[in-house]
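[1] just need the structure, nothing else, for what follows:
(chains A, B, C and D)
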2 protein chains.
Amino acid sequence: MTAAQLSIGDLARDSGVKVQTIRYYETIGLLPVAERSAGNQRRYSEAHRERLRFLRHARELGFTLDQIRSLLSLSESPDMPCEQADRIAREHLETVEQRLERLKTLQTELQRMLRQCAGGKVEDCRVIEVLSDHTLCATEHGHREVAETPAET
Amino acid sequence: MTAAQLSIGDLARDSGVKVQTIRYYETIGLLPVAERSAGNQRRYSEAHRERLRFLRHARELGFTLDQIRSLLSLSESPDMPCEQADRIAREHLETVEQRLERLKTLQTELQRMLRQCAGGKVEDCRVIEVLSDHTLCATEHGHREVAETPAET
DNA sequence: CTTGAACCTACAGTGGCTGTAGCTCCTATC
DNA sequence: GATAGGAGCTACAGCCACTGTAGGTTCAAG
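    Reported below is the predicted structural model:
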C-alpha cells in the first residue's frame, strides 16, 4: 500500500521542510538519494517520508544535523542498547540549559538597562552608558563562556 | 596622557577581542581604520580602545553587529533623544525573551524524553520513538516560530 | 645579527540553510 | 496538438559573526 511515489513538492508539503532544504539534506547525505522520474525529477517513497519527519522533528528540538545523523543511524539498529541515543539527548539538554542560563542573565541585564533609562537625551542614556562601561552591570555576563547566537526564521 | 599607541595585540589583550576579530571589525567598518607604523602595522589610540570595549560589551549582551552599528552612531550624537537606543534594546530584549520561551519548551520536552527512557534497546528507546513521532510530545514546539540556534565558543 | 613572536594580506570554512539565475519538465486548458 | 505557467532541475552566491590557514614581513630581545 501507499506506493504513491511523492514529488519533492509533495514531500515538502507533507513534512513542512522546504524543497531546497530537502535537496540540501540529500547533498549532505542525511536523506538517501531519491529515484528519478523519466524527466529527471526526484520521486520519494514512504521510507523517505518517515526519515524526513524524524529529521524535522529532531531539528525542531534543536539537535544539530550531526547529532541527527547519529540518531538516524542508531534508529536503524534496533538491537543496540540505547545508551548512545540517550547520551546525545542528554548532551543536547545540557547545551539547552546552558543557553537558558545565559539568556536569563541577558534578560536581567537588558531589563535593568531599560528600567533605568529615563528617556532623555543620548548623553544621559542609560543604555548607551551601560554599554560603554561593563562595571555598571549587575552580573558577569559573557566572557566567552556561552555566547549569544543569531535567530532562525 | 596615555598617548601610548597600542599594537593590535595590546588592544586584543585589553579588550578580550581576538586579533582577527579586530581586523574583521575594521573591514566591515565597525572600527575606524587604524593608523599604521612605518612597517605597516596597525597602531591604535584611546578612542579605538573605548569603541572596541563598547563593541565587545554589546556583543556580550547579544546585540547583533547591525544593532551595535546603530548604537555606536547614536552614542556619537549625545544631543539626540535616546528613543532609538531604547527601541533597539527593547527589540533585543524581546528576541531574548522569545528565545527563552522556546528553549524552556525544548528543555521540558528533552527532559520528558530522557525521563521516560528505560535504557534498554534502541528498539524500545523513548528518545528515538519521540523523534519519530511528534504526537508523543507534550508541547507544540517548533513549527518555524522561533527556532534553535547553534552555539558560539 | 639572529631568533622567534607578532604582525600582515587574502581567502576558505563554519552551520544550516535561503535565494537566485537560467534552464527543463509536467499538466491543464483551449 | 499547442501553449501557458507552475514545479522541477543544477550550480552557485549569500547570510551571520567570526575562525583558521598559508605564506609572507616586521619588530624587539638577547
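
[2] which residues of chain A lie near DNA strand C?
    Contact residues, chain A versus DNA strand C (C-beta under 7 Å from any atom of the strand): A:18, A:20-21, A:24, A:37-41, A:59, A:64-66, A:150, A:152-153. The C-beta positions use only the backbone N, C-alpha and C, and glycine is treated the same way.

[3] give the contact list for A:Ile88.
    Listed by C-beta atoms under 8 Å, 6 or more residues apart in numbering or on different chains, the contact partners of A:Ile88 are A:63, A:67, A:70-71, B:127.

[4] now list the buried members of these.
    Buried by 16 or more other C-beta atoms under 10 Å in any protein chain shown: A:63, A:67, A:71, B:127, out of the contacts of A:Ile88.

[5] contacts only, for the closest residue to A:Leu6 other than its chain neighbours.
    Of all residues beyond its chain neighbours, the one nearest A:Leu6 is A:Tyr44 (4.4 Å), with distances taken as C-beta to C-beta, 6 or more residues apart in numbering or on different chains. The neighbours of A:Tyr44, taking C-beta under 8 Å, 6+ apart as the test, are A:5-8, A:10-11, A:34.

[6] so which of the residues you listed belong to strands?
    Restricting the contacts of A:Tyr44 to those inside strands, with DSSP state E as the criterion, leaves an empty set.

[7] please produce a markdown table containing those residues, extended by neighbour count, distance to A:Thr105 and pLDDT.
    Listed next are those as a markdown table, based on neighbours: other C-beta atoms under 10 Å in any protein chain shown; distance: C-beta to C-beta, whole Å; pLDDT from 0 to 100:
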| residue | neighbour count | distance to A:Thr105 | pLDDT |
| --- | --- | --- | --- |
| A:Gln5 | 15 | 51 | 90 |
| A:Leu6 | 20 | 46 | 94 |
| A:Ser7 | 16 | 47 | 96 |
| A:Ile8 | 19 | 43 | 97 |
| A:Asp10 | 14 | 45 | 95 |
| A:Leu11 | 21 | 41 | 96 |
| A:Ala34 | 20 | 46 | 96 |
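
[8] quick one: which of those residues is nearest to DNA strand C?
    Looking at the contacts of A:Tyr44 and their distance to DNA strand C, the nearest is A:Ser7, at 7.7 Å (C-beta to the nearest atom of the strand).

[9] how about the contacts made by the closest one?
    Residues touching A:Ser7, when contacts are defined by C-beta under 8 Å, 6+ apart, comprise A:41-44.

[10] please parse chain A into its domains.
    Taking automatic domain parsing as the domain assignment, the ranges for chain A are A:8-75, A:83-136.

[11] list the buried residues in the helix or strand encompassing A:Glu109.
    If you go by DSSP states H and E, A:Glu109 is part of helix A:83-116. The neighbour-count criterion (16+ other C-beta under 10 Å) identifies A:84-86, A:88-90, A:92-93, A:95-97, A:99-100, A:102-103, A:105-107, A:109-110, A:112-114 as the buried residues of helix A:83-116.

[12] and the most centrally placed residue in chain A, helix, strand or coil?
    Averaging the C-alpha coordinates of chain A gives a centre point, and the residue nearest to it by C-alpha atoms, centre = their mean is A:Gly62 (3.8 Å). Using DSSP: H, G, I helix; E, B strand; the rest coil, the secondary structure recorded for A:Gly62 is coil.

[13] distance of it from B:Ser7?
    From A:Gly62 across to B:Ser7, the span is 41 Å (C-beta to C-beta, to the nearest Å).
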